[in-house]
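K.L.:
Test case, fold it:
(6 chains)
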Number of protein chains: 4
Amino acid sequence: MAPYNEDQLLAIRDERREQILGAALGVFARHGPALTKMSMISQAAGISHGLLYHYFKSKDELFIALVSEAMLGAGDAVEEMLEHPGSIIDKLRHFLHDAMSVETRLLFLLIHQARTSHGVPEQVREIIKDYSLGWFAARLKPLFLQGQRTGEIASDDADQLIEGLLTAVSGSMLLHASDEHNIPLMNPDHLLRLVLAPDHIQPL
Amino acid sequence: MAPYNEDQLLAIRDERREQILGAALGVFARHGPALTKMSMISQAAGISHGLLYHYFKSKDELFIALVSEAMLGAGDAVEEMLEHPGSIIDKLRHFLHDAMSVETRLLFLLIHQARTSHGVPEQVREIIKDYSLGWFAARLKPLFLQGQRTGEIASDDADQLIEGLLTAVSGSMLLHASDEHNIPLMNPDHLLRLVLAPDHIQPL
Amino acid sequence: MAPYNEDQLLAIRDERREQILGAALGVFARHGPALTKMSMISQAAGISHGLLYHYFKSKDELFIALVSEAMLGAGDAVEEMLEHPGSIIDKLRHFLHDAMSVETRLLFLLIHQARTSHGVPEQVREIIKDYSLGWFAARLKPLFLQGQRTGEIASDDADQLIEGLLTAVSGSMLLHASDEHNIPLMNPDHLLRLVLAPDHIQPL
Amino acid sequence: MAPYNEDQLLAIRDERREQILGAALGVFARHGPALTKMSMISQAAGISHGLLYHYFKSKDELFIALVSEAMLGAGDAVEEMLEHPGSIIDKLRHFLHDAMSVETRLLFLLIHQARTSHGVPEQVREIIKDYSLGWFAARLKPLFLQGQRTGEIASDDADQLIEGLLTAVSGSMLLHASDEHNIPLMNPDHLLRLVLAPDHIQPL
DNA sequence: TATGAATGAGCATTCATTCAT
DNA sequence: CATGAATGAATGCTCATTCAT
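P.N.:
Residues are numbered from 1 along each chain as shown, chains lettered A, B, ... in the order given. Just a heads-up that it's a prediction; the model follows:
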């Protein structure tokens, strides 16, 4: 008889919103914005397509909301790595594990879609403009230079090492995700060989 | 206005067909079958969209024809590598260069699209069922085992080494292609570090 | 929180009903039934759209209720005019002023919408079937005939004079309402020239 | 066997375009842009809705094209009137006849819709910004001043006379058009009484 | 009584495909 | 062989209406 009180409404809205964002993340990350149909999202979220539009005005807005959230988490991963205890190799290994974890991979894919898909809203381009391999590379560089001084990291051009590592990591996640998981993710320790000094290479 | 004789017609047909396939390869490889519009292909080929349907019954059929052709060339690359003169490292370096060349990359991307896009005709799945990293891996394995005997290749599990190398190569090509070439292809010598024995690693 | 007693409930019901009808009149009159969204009405009435459906089963029913009420008032205007003291010209001038007053205009517009909009419920057509310029014309005719005898009204065909006058009045209100009030209402004295005998025409 | 030649294609395109514009004029003028469904137009034109989009990119573009064409003819009517031979009354009578002719009425209605409908594309507002009763009034004024000198036109404020006349004309057309022709157009000679000097008024 | 979450029919638009010439 | 007009299925989005609370 009585309408929901404010708390109940807020709870419902929050729950639905998360439900939708969660469903949308999976679909957008896998199919890209253009191939993602609103019906896929509504079906994945278990709601009607009409309800989608109560929570997000358009497909674009939903995509934007998702990318914005993903971006917030992007920086944290690097910070966390830098603060991780242990040797430089330990930090890197932790970073790779973290980057390749299930949750992070979806976010990575989403951002990849945002960067590479055609017809993405301008606002999304704005948001991710600064997010690129280069952005990560800049943050990893001090660590690599230090690693080269300690002899843990190969003594080649640090930029090239970093770029290669990040490319390989990203590429592996991309392949893994896009190929319905038939292609396994690369072993982080294997990836590390791209940057380790030869005498620090360990058996896999 | 004058009617063509049979030979001329045949020549035209063949030429047009190649023209279409060439145009379609570029478009399909970059955008994937679902996002590729027939108008993109006809425009790239410089013909009317109507003519497309004289040569290929449907978008699916065109895609299938393209994938079939790509498959034919796929095996050759490996054979050529195995026959390439020089050390095992030389063979591998040559393979990587070849795989990452402009022409080969398009074929790789096309097949990747065929494997990973949703809504791809069943027939395409049939054709590429056997083509996978595993297929290449099997052909590379003897070379790797030999390389381990000669000490050129790291002494870890050969399957894992191969899979990692192929993943990194493929991932790099995929990233490079999808990100409007803002992400450079990985340096083949850098990639080789994934599989070389530590004491065969050279400065980049 | 305390339950209302029956009288209070009835009072609330009546008040809300009037509130809704008042809001709906303005919106329907301006936009017509098809372009009127239930959300416009609920917003104008300051209530939730859900509540609208407690009082009126559907948009159609609300529109029907409104038109019915408008019809009730329609006849009064003419009666009042006929009983207005003064000369025939005074009666007509009073009628025009009354017809073009703010409140009456909304009713006029509503009925016009009801008559002219497509997709209006059959029931509405039923209700307003008899309400037309012809209906007014019939009631004005005795007055005009009398005016012709007194020499106040031009001696042309009375039906034609009446129809012209009503058309011009209605048209002016319609233009005024539809064009965001950029087109002013016609001056009643100016309109009267359509029916006055030449020697009764006064400067504007 | 041979494709259409250029002339044939041009003929087809022109014919279809006119067919569509003609159908769209009727529908837009009567229902307004918001209530006009593309299916109404395609049905009225006897073509598929898909074909509509070969000729006009969107509903808005079609509406814009239509309004643009209508505007071109708008000025001509006035010019023609001013050049019409005969007395000032003759000129005005000719103008009214012309303005109220079948073809002109549709254009008038279309422009009215363009001016008064909500959600009309900005470009349309641009185009018709200057077209208003005021625009016509300015062009009619010299004629009225002259008519007042010759004694044909009533000696009231010319602006008020013109505005009243145009309002009555427009209103009549609007009523006539919107009410499925149940309300007859006003008699031009009757309308003239709004502006004639009393001693120039003729029996209807 | 009152609220707003939830549903689904309807419309604008895109694009693969057909067909007359 | 070659062209582009023509069709219609599919998809994003709006909005009237229902319903749990």
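K.L.:
Extract the residue ranges of chain A that are flagged as low pLDDT.
P.N.:
Residue ranges of chain A with pLDDT under 70: A:1-2.
K.L.:
For it, just list every one of the helices.
P.N.:
A:6-35, A:38-45, A:49-55, A:59-83, A:88-99, A:102-116, A:122-128, A:133-150, A:158-178, A:188-192 (DSSP state H).
K.L.:
Show the backbone phi and psi for A:His118.
P.N.:
Per-residue torsions, A:His118: phi -80, psi 150 (degrees, to the nearest 10).
K.L.:
burial of it, as a residue count?
P.N.:
11 (other C-beta atoms under 10 Å in any protein chain shown). Where you see a C-beta, it was placed from the backbone N, CA and C, and this is true even at glycine.
K.L.:
Next one: A:Glu80 from A:Ser101, what distance?
P.N.:
According to C-beta to C-beta, to the nearest Å, A:Glu80 and A:Ser101 sit 12 Å apart.
K.L.:
meant to ask about A:Thr116, not that
P.N.:
Taken as C-beta to C-beta, the span from A:Thr116 to A:Ser101 is 22 Å.
K.L.:
winner for burial among the helices of chain A?
P.N.:
Each of the helices of chain A was scored by mean neighbour count; the highest is helix A:158-178, a mean of 23, by mean count of other C-beta atoms under 10 Å in any protein chain shown.
K.L.:
That one vs chain B: in contact?
P.N.:
Yes - using C-beta under 8 Å from any C-beta of the partner chain, helix A:158-178 reaches chain B at A:160-161, A:163-164, A:167-168, A:170-175, A:178.
K.L.:
Now those in a markdown table, please, with extra columns for distance to chain C.
P.N.:
Converted to a markdown table, these look like this (distance: C-beta to the nearest C-beta, whole Å):
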| residue | distance to chain C |
| --- | --- |
| A:Gln160 | 59 |
| A:Leu161 | 59 |
| A:Glu163 | 53 |
| A:Gly164 | 56 |
| A:Thr167 | 51 |
| A:Ala168 | 53 |
| A:Ser170 | 46 |
| A:Gly171 | 49 |
| A:Ser172 | 50 |
| A:Met173 | 45 |
| A:Leu174 | 44 |
| A:Leu175 | 48 |
| A:Ser178 | 42 |
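K.L.:
ok, those residues vs B:Leu110, which is closest?
P.N.:
A:Ser178 (13.9 Å; C-beta to C-beta).
K.L.:
How about the contacts made by the closest residue to that closest one other than its chain neighbours?
P.N.:
Distances taken as C-beta to C-beta, 6 or more residues apart in numbering or on different chains place B:Thr116 nearest to A:Ser178, at 4.3 Å, with adjacent residues excluded. Neighbour list for B:Thr116: A:Ser178, A:Asp179, A:Glu180 [criterion: C-beta atoms under 8 Å, 6 or more residues apart in numbering or on different chains].
K.L.:
Please report how far B:Thr116 lies from B:Arg30.
P.N.:
B:Thr116 is 14 Å from B:Arg30, by C-beta to C-beta.
K.L.:
residues contacting the residue nearest the centre of chain A?
P.N.:
With distances taken as C-alpha atoms, centre = their mean, A:Phe108 lies nearest the centre of chain A, 2.1 Å away. For A:Phe108, the contact set (C-beta under 8 Å, 6+ apart) comprises A:Ala99, A:Ser170, A:Met173.
K.L.:
A:Glu126: which of those is nearest?
P.N.:
Checking the contacts of A:Phe108 against A:Glu126 with C-beta to C-beta, the nearest one is A:Ser170 at 21.7 Å.
K.L.:
Isn't the closest one up against A:His112?
P.N.:
Yes - in this structure, A:Ser170 is within contact of A:His112 by C-beta atoms under 8 Å, at 7.3 Å.
K.L.:
now check stretch A:15-25, is it near DNA strand F?
P.N.:
No - against DNA strand F, stretch A:15-25 shows no contacts by C-beta under 7 Å from any atom of the strand, the least distance being 11.5 Å.
K.L.:
Next one: that stretch, is it in contact with DNA strand E?
P.N.:
Yes - remark: stretch A:15-25 sits within contact range of DNA strand E at A:Arg16, by C-beta under 7 Å from any atom of the strand.
K.L.:
Check the gap between the residue of chain A found nearest DNA strand E and C:Gly151 for me.
P.N.:
Nearest residue of chain A to DNA strand E (C-beta to the nearest atom of the strand) works out as A:Gly50 at 2.1 Å. Counting by C-beta to C-beta, the gap from A:Gly50 to C:Gly151 is 68 Å.
K.L.:
Equivalent analysis for A:Arg16, please.
P.N.:
76 Å.
K.L.:
With adjacent residues omitted, what lies nearest to A:Arg190?
P.N.:
Just so we're on the same page, residue A:190 is His rather than Arg. Distances taken as C-beta to C-beta, 6+ apart put B:Gly164 closest to A:His190, at 4.5 Å, once the chain neighbours are dropped.
K.L.:
give me every residue that touches the one you found.
P.N.:
Contacts for B:Gly164 were tallied using C-beta under 8 Å, 6+ apart; they are A:Met186, A:Asn187, A:His190, A:Leu191, B:Leu194, B:Val195.
K.L.:
same thing but at 6 Å, please
P.N.:
Taking C-beta atoms under 6 Å, 6 or more residues apart in numbering or on different chains as the criterion, B:Gly164 is in contact with A:Met186, A:His190, B:Leu194.
K.L.:
what do you get for A:Arg17?
P.N.:
So A:Arg17 contacts A:Tyr55 (C-beta under 6 Å, 6+ apart).
K.L.:
Roughly how far does it sit from chain D?
P.N.:
Distance, A:Arg17 to chain D, by C-beta to the nearest C-beta, to the nearest Å: 29 Å.
K.L.:
Having no further points to raise, I will conclude here.
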